[in-house]
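A.B. asks: What would the 3D arrangement of this be:
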Amino acid sequence: MVLICCQDLELYRRFILNNENLLKSISYLEFINNIDNLVFELLYAPQGGFTGLMSKNAVLNAKGFLDKFNYEAEKLRKQFDFDCADRIIEEKRSDLIKQMKKHYDKQTFAWADEVYQSMLNNCFLLASVFKDDKDVKDKIYARILSCVSWISEIRGLSEEQSGNLIELNLEKFYSAVNSKDSDFMPKADKNRSDDKVFIQLRDLILKDKDKFLQTDFVSLNDKLSQEDIKYFNRIKNDIQTFRINSVKDDILLVNSAIDVLKIKDAEKKYAFIKLIDNDFSDYTVQNNKKPDETNKIELVKRRMKLFKNSLQNDNISEYFKNKINS
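C.D. replies: Residues are numbered from 1 along each chain as shown. I've put the predicted structure just below:
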């Protein structure tokens with residue numbers, strides 16, 4: 001039988017108590033980190049983060065993000081169950097709402113602007129179609145004035161600014177009356193972007209960030225596909241946050257691969273960039289986590305080997321042949 005003296009028991013008791021305190025402090029900080037990660041994921045996740053939603057989508061889906069925070073935060077609270085957990089969750093919810101409100105307010109105005117512009121475009125088209133019908137033209141004229149008054153109130157424009165808008169849109173109205181119907185027919189959305197325009201805009205992210213941020217991608221719907229408009233708008237949001245370094249690093253990584261492959265043609269550059277984006281997205285879906293730098297480099301190296309075959313119009317892949325024979 002091993003006898004334990006009172007001194008040993010006291011040391012053991014202190015050890016247990018100190019260990020318990022240490023574990024509690026680690027768990028406490030882990031809980032805070034998990035809540036912070038939840039907030040960051042809801043706001044900035046590349047696929048589905050709130051700041052990546054534009055216009056109407058952001059406004060109508062805001063409540064769903066708060067509901068998701070409440071649900072996930074409650075699961076974390078049950079897992080850790082600290083006395084102050086509710087207070088921490090409430091503080092983090094408040095932080096989330098503040099950040100969401102900034103984006104929500106901005107996208108509310110964006111939605112209003114889209115509705116305003118769409119109504120004006122319809123007015124100009126109708127003015128062109130019914131150019132010989134005075135009653136219809138008078139109604140369109142009144143609608144334009146009403147539309148400008150509406151957006152001026154929403155935007156808080158001065159009387160002078162509102163007057164300038166009226167003057168500008170009435171000039172377009174009279175131009176529509178004297179034009180062909182086809183001049184005001186809406187352009188169909190492109191299924192594929194203009195390769196050169198896409199590359200130029202992507203290069204701006206590294207060369208002139210401010211100019212990139214000032215670009216209205218929606219207005220380029222005759223040059224960019226809807227998918228690429230969303231892509232650039234998502235990047236616009238990301239580079240205004242802590243994700244700016246990650247975004248630029250990804251672009252530099254892919255640009256470096258393009259340089260190694262000696263791809264000069266804009267069409268081939270565009271195709272390669274899209275393939276890499278798909279690889280990164282597929283990795284995220286398959287592994288339920290975003291690729292880190294090492295994963296990204298491996299994915300890019302793999303795609304480079306496959307892309308070499310496509311440049312040679314080869315129906316046989318040396319990359320897969322080597323894999324099969326290894």
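A.B. asks: Would you check that residue 238 makes contact with residue 44?
C.D. replies: Yes. Assessed by Cβ atoms under 8 Å, residue 238 is found in contact with residue 44 at 7.0 Å. To be clear about C-beta, it is placed using only N, CA and C from the backbone, and glycine gets the same treatment.
A.B. asks: intersection of neighbour lists for those two?
C.D. replies: 51-52 (Cβ atoms under 8 Å, 6 or more residues apart in numbering).
A.B. asks: Could you pull up the mean pLDDT of the helix or strand containing residue 89?
C.D. replies: In the assignment (DSSP states H and E), residue 89 maps to helix 85-129. For helix 85-129, the mean pLDDT works out to 90.
A.B. asks: do stretch 219-229 as well
C.D. replies: Averaging the model's pLDDT scores along stretch 219-229 yields 84.
A.B. asks: buried residues in that stretch?
C.D. replies: Neighbour-count burial for stretch 219-229 flags 220-221, 223-225, 228-229 (criterion: 16 or more other Cβ atoms under 10 Å).
A.B. asks: Flag the shaky bits of the stretch 151-300 of the chain, pLDDT-wise.
C.D. replies: The model of the stretch 151-300 of the chain has pLDDT under 70 over residues 180-190.
A.B. asks: now the helices for it?
C.D. replies: With DSSP state H, counting those that start in this stretch applied, the stretch 151-300 of the chain shows helices at 159-177, 195-207, 209-214, 226-238, 244-261, 266-287, 293-311, listed in chain order.
A.B. asks: In a markdown table: these, plus distance to residue 62.
C.D. replies: Output for those, formatted as a markdown table (distance: least, Cβ to Cβ, whole Å):
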| stretch | distance to residue 62 |
| --- | --- |
| helix 159-177 | 29 |
| helix 195-207 | 27 |
| helix 209-214 | 23 |
| helix 226-238 | 15 |
| helix 244-261 | 24 |
| helix 266-287 | 24 |
| helix 293-311 | 31 |
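A.B. asks: Pick the most buried one from these.
C.D. replies: Between the helices of the stretch 151-300 of the chain, helix 226-238 has the highest mean count of neighbours, a mean of 19, where neighbours are mean count of other Cβ atoms under 10 Å.
A.B. asks: relative orientation of that one and helix 266-287 in degrees?
C.D. replies: Angle, helix 226-238 to helix 266-287, by axes from the mean of the first three to the mean of the last three Cα atoms, to 10 degrees: 70 degrees.
A.B. asks: what sits up against helix 226-238?
C.D. replies: Residues outside helix 226-238 that contact it (Cβ under 8 Å, 6+ apart) are 44, 46, 51-52, 54, 103, 189-190, 193, 198, 201, 205, 212-213, 215, 217-218, 220-221, 224, 244, 246-247, 277.
A.B. asks: by how many degrees do it and helix 85-129 diverge?
C.D. replies: Per the same axes, to 10 degrees, the angle that helix 226-238 makes with helix 85-129 is 140 degrees.
A.B. asks: and the angle for helix 226-238 with helix 195-207?
C.D. replies: Helix 226-238 runs at 10 degrees relative to helix 195-207, counting by the same axes, to 10 degrees.
A.B. asks: from the middle of its chain, how far away would the strand or helix carrying residue 77 be?
C.D. replies: According to DSSP H and E, residue 77 maps onto helix 55-80. Centre-to-centre, helix 55-80 and its host chain are 18 Å apart (Cα atoms, centre = their mean, to the nearest Å).
A.B. asks: now stretch 86-101
C.D. replies: 21 Å.
A.B. asks: How about residue 128, nearest residue that isn't a chain neighbour?
C.D. replies: residue 176 (4.6 Å; Cβ to Cβ, 6 or more residues apart in numbering).
A.B. asks: no wait, residue 154
C.D. replies: Using Cβ to Cβ, 6+ apart, the nearest residue to residue 154 is residue 112, at 5.2 Å.
A.B. asks: show me the residues around that neighbour that make contact.
C.D. replies: Going by Cβ under 8 Å, 6+ apart, residue 112 touches 151, 154-155.
A.B. asks: now swap in residue 304 and tell me
C.D. replies: Counted by Cβ under 8 Å, 6+ apart, residue 304 has contacts 257, 260-261.
A.B. asks: Lovely, talk soon.
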